[in-house]
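In: below are the sequence and a predicted model; questions follow.
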Amino acid sequence: MTATTTGTAAVRTYRDYDKPLWQRVLLTREMAIIALLAIVAVVASIAVRGFGQPITLTYLLLDVMPILLIALPMTLIIITGEIDLSVASIVGLASVLTGVLTRAGVPFEVAAIAAIVVGAVGGALNGFLVTVVGLPSLAVTIGTLALYRGLAIGLLGTTAVTDFPEFWTDLAQARVGNTNIPVVLFLFLVLLVVFTVLLHFTPFGRGIYAIGLASEAARFSGVRVERTKLILFVLSGTVSALAGIYYTLRYGNARGDNATGLELQVIAAVLLGGVSIFGGRGAIHGVIAGVLLIGVLASALRLANVTSDVINIITGVLLVLSVVASSFLAWLRKRRRAPGGTPRVEASTAG
Amino acid sequence: MFQKKHRAGALAALAVSVALLATGCAVDSGSGSSEGDGGGDGDLSITFVPKNLGNPYFDTSSTGAKEAIEEFGGTFAEVGPAEATPDAQVSYINTLTQQGVGAMAVSANDPEAICDALNEARDAGVKVVTFDSDTNPDCRDLFINQATAEGIAKVQVDLIADQIGGAGEIAILSASANATNQNAWIATMEEYLASDYPDITLVDTVYGDDDDQTSFDKTAALLQTHPDLKGIISPTTVGIAAAARYLSTSEYKGKVALTGLGTPNQMREYVEDGTVTSFALWNPADLGYLASYAAKALIEGDITGEEGDSFDAGKLGEFEVGADGVVLLGDPFVFDADNIGDFDF
């Protein structure tokens, strides 16, 4: 960070400091998504019959839980400027492994831990190919997307394992007492705290932003770029495997095609939540709002008997708009500043 | 400051336009369904959840369902996932629970995986009918079964006997050698042939592995090996289409009879060019029609799904619930040149 601000530090025109605090907090992309989420939720409660009832919240949280979980490590990876497309395939592989091992007589808990380990190994393979071999993550994870999905389908064929301990399947759908809050939400909250602290309150997290803004500059200022990325890919694989076990229990079945296409929903939600696809920008609270926005929209539209293809179209339009909007706003800002404005340092977009 | 306001303004505009887009769709459909509720008595809203949307088989069953539901003044709706997977179906079943529909008719993508979701719906007072593909019996109120093994075996033997004049050599072109369904049907066919058609001899059973090219080659080999063959039964949709394709271009066209289980779209050209006189399958439209009336009877409390309950199903007549809450549609439907034009699946 010091590298980018040295030129302007003296005059204090740096974007983060030339506004009152309330504007810096409220007029952000994250807040815009949170506001949009609130608007859509309120409008849906009024306009869509059945959306306002408490049970909606339960189903909504249960449905988006895998996306919420995987969005956490995905946010960190995209902020470094990389991407992980293999997450849904790791979900499927973890699901199938849990199923196959359970069917073979291994206790469920052991099978689940084995699946998480395999998820971590899968993530480590991605990380190895990206950092040590030096391949672009887009190409690597497209390959492992096919590889892990192939393994998952190969292990189980077209059959499904549906026999899991009732304690665990009930737990995956249990609610806290008489409320409508699913128990599994607490698993997410724990991970949320971990990832929020990691990204926003540690040197490791500052390193993640630095890598995304300028990988070389980060390296010279002492950030261990390769190690950071490797850790993030391992985290991504581990959390995806965890999501796979949740997925298995929630739907009571282990199938090779479980969670096919989930990676697109995760990435859509992360980008919608204000994380820049070019890296270096984004925050966890925006991502959570992005995931919930997609979930609320899908839930409300299903309740309104809108077919699944229309829901996909709306999610897609939203995603394109969010990506276009950030480029458009940047362009607009530049244009307004150009005629007669005070000369600005380009690095001011680096907030 | 000036620039910031514009940025905020642009974001607000984006937010409002997306919200309007989303709710615009929602409001449209929302008002559509509430109008429907106003028409019926609110309870008779029956929603069909096929394995996936855009599948001609389920489009046909929904046509029948819609006809039935319009007859008794209920509200028909159809929702479902784009891909035939159980996890995608669960979201739609949950949504129907939230909506509190009267009943749902589901063709299950997995007998076990959607059970919890269905039972939650039943706890919330939604009646659950499965059709075409069943779940475990304790997850639903009724299963509308399209056909029994006996019915399927019998109709194919009757058709071939009729086409070859009740005497001569026939052969069977099946799916794979260990296909459970086909083997059960073939065993039943053999018994029925022995008891009712002593003049017909089953000379060979060959397996095309439900592969188009293998079935095609096996048909050719069958006709070479048995020059006196008068008819072929193929109790699999892949097999009958491949056999028909072979026969239609060979010297045996019109001389060797062919029947079995097929779909109208696959078989249309062979029925029209005279290769095949008639073949069988159940009628998906009737299946949807019956499922709708069964749902209605459950909603109105006429039946509870116990064995021995009976209910009225409009043009199809009176039906009785069998063991395990299964309602049988009846004998398979026979398609021939006169009626094949009415079907598109």
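Out: Sure, I can see it. Numbers count the residues shown, from 1 in each chain, chains lettered A, B, ... in the order given.
In: ok now do B:Thr97, which residues does it touch?
Out: A:55, B:117, B:120-121, B:124, B:126 (Cβ atoms under 8 Å, 6 or more residues apart in numbering or on different chains). (C-beta placed from N, C-alpha, C; glycine too.)
In: flag the shaky bits of chain B, pLDDT-wise.
Out: B:1-42 (pLDDT under 70).
In: around chain B, pick out the residues from the stretch 151-300 of chain A.
Out: A:160, A:162, A:169, A:173, A:247, A:251-253, A:255, A:257-260, A:297-300 (Cβ under 8 Å from any Cβ of the partner chain).
In: now do 7 Å
Out: With Cβ under 7 Å from any Cβ of the partner chain as the criterion, the stretch 151-300 of chain A meets chain B at residues A:160, A:162, A:173, A:251-253, A:257-258, A:297, A:300.
In: redo those as CSV? Include pLDDT.
Out: Output for these, formatted as CSV (pLDDT from 0 to 100):
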residue, pLDDT
A:Ala160, 81
A:Thr162, 83
A:Gln173, 85
A:Tyr251, 87
A:Gly252, 84
A:Asn253, 86
A:Asp257, 85
A:Asn258, 87
A:Leu297, 90
A:Ala300, 91
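In: nearest to B:Ala242 among those residues?
Out: A:Asp257 (27.9 Å; Cβ to Cβ).
In: secondary structure element for the closest one?
Out: Per DSSP states H and E: A:Asp257 is located in neither a helix nor a strand.
In: how about it, what does it touch?
Out: A:92, A:153, B:85 (Cβ atoms under 7 Å, 6 or more residues apart in numbering or on different chains).
In: take these and keep only those in strands.
Out: Mapping these onto strands (DSSP state E) picks out no residues; all lie outside.
In: A:Phe233: which of those is nearest?
Out: Using Cβ to Cβ, the contacts of A:Asp257 come closest to A:Phe233 at A:Gly92, 17.7 Å.
In: okay, that closest one and chain B: tell me how far apart.
Out: Distance from A:Gly92 to chain B, counting by Cβ to the nearest Cβ, to the nearest Å: 11 Å.
In: also A:Tyr246?
Out: From A:Tyr246 to chain B the distance is 12 Å (Cβ to the nearest Cβ).
In: tell me the pLDDT of that residue.
Out: On pLDDT, A:Tyr246 comes in at 95.
In: do the same with A:Asp16
Out: 56.
In: closest to B:Asn183 among the residues of the stretch 151-300 of chain A next to chain B?
Out: Within those, proximity to B:Asn183 (Cβ to Cβ) peaks at A:Ala160, which comes in at 22.9 Å.
In: check contacts around the nearest residue in space to B:Ala184 that is not next to it in sequence.
Out: With Cβ to Cβ, 6 or more residues apart in numbering or on different chains as the criterion, B:Ala184 has its nearest non-adjacent residue at 5.0 Å, and that residue is B:Ala149. Taking Cβ under 7 Å, 6+ apart, we find B:Ala149 in contact with B:184-185, B:188.
In: out of these, list just those in helices.
Out: Residues of the contacts of B:Ala149 located in helices (DSSP state H): B:184-185, B:188.
In: ok, and the most crowded of the residues you listed?
Out: B:Trp185 (25 neighbours; other Cβ atoms under 10 Å in any protein chain shown).
In: helices and strands around the strand or helix carrying A:Tyr148, which ones?
Out: For A:Tyr148, the enclosing helix or strand under DSSP H and E is helix A:137-156. Where contact means 3 or more Cβ pairs under 7 Å, 6 or more residues apart in numbering or on different chains; DSSP states H and E, helix A:137-156 is packed against helix A:87-103, helix A:108-127.
In: any chance of those helices in JSON lines, plus mean neighbour count?
Out: Formatted as JSON lines, these follow (neighbours: other Cβ atoms under 10 Å in any protein chain shown):
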{"stretch": "helix A:87-103", "mean neighbour count": "28"}
{"stretch": "helix A:108-127", "mean neighbour count": "21"}
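In: what residues of stretch A:309-325 count as buried?
Out: Residues A:311, A:314-315, A:318-319, A:321-322, A:325 are the ones in stretch A:309-325 that count as buried (16 or more other Cβ atoms under 10 Å in any protein chain shown).
In: can you show me the CA trace of that stretch as PDB?
Out: Extracted C-alpha coordinates of stretch A:309-325, given in PDB (Å, rounded to 0.1, in the frame of the first residue of the first chain):
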ATOM      1  CA  ASP A 309     -35.000 -20.500 -16.900                       C
ATOM      2  CA  VAL A 310     -36.400 -17.100 -16.200                       C
ATOM      3  CA  ILE A 311     -34.800 -17.100 -12.700                       C
ATOM      4  CA  ASN A 312     -31.500 -17.900 -14.400                       C
ATOM      5  CA  ILE A 313     -32.000 -15.100 -16.900                       C
ATOM      6  CA  ILE A 314     -32.600 -12.600 -14.100                       C
ATOM      7  CA  THR A 315     -29.600 -13.800 -12.100                       C
ATOM      8  CA  GLY A 316     -27.500 -13.500 -15.200                       C
ATOM      9  CA  VAL A 317     -28.700 -10.000 -16.100                       C
ATOM     10  CA  LEU A 318     -28.000  -8.900 -12.500                       C
ATOM     11  CA  LEU A 319     -24.500 -10.300 -12.700                       C
ATOM     12  CA  VAL A 320     -23.700  -8.600 -16.000                       C
ATOM     13  CA  LEU A 321     -25.200  -5.300 -14.700                       C
ATOM     14  CA  SER A 322     -23.100  -5.400 -11.600                       C
ATOM     15  CA  VAL A 323     -19.900  -6.000 -13.600                       C
ATOM     16  CA  VAL A 324     -20.900  -3.400 -16.200                       C
ATOM     17  CA  ALA A 325     -21.900  -0.900 -13.500                       C
END
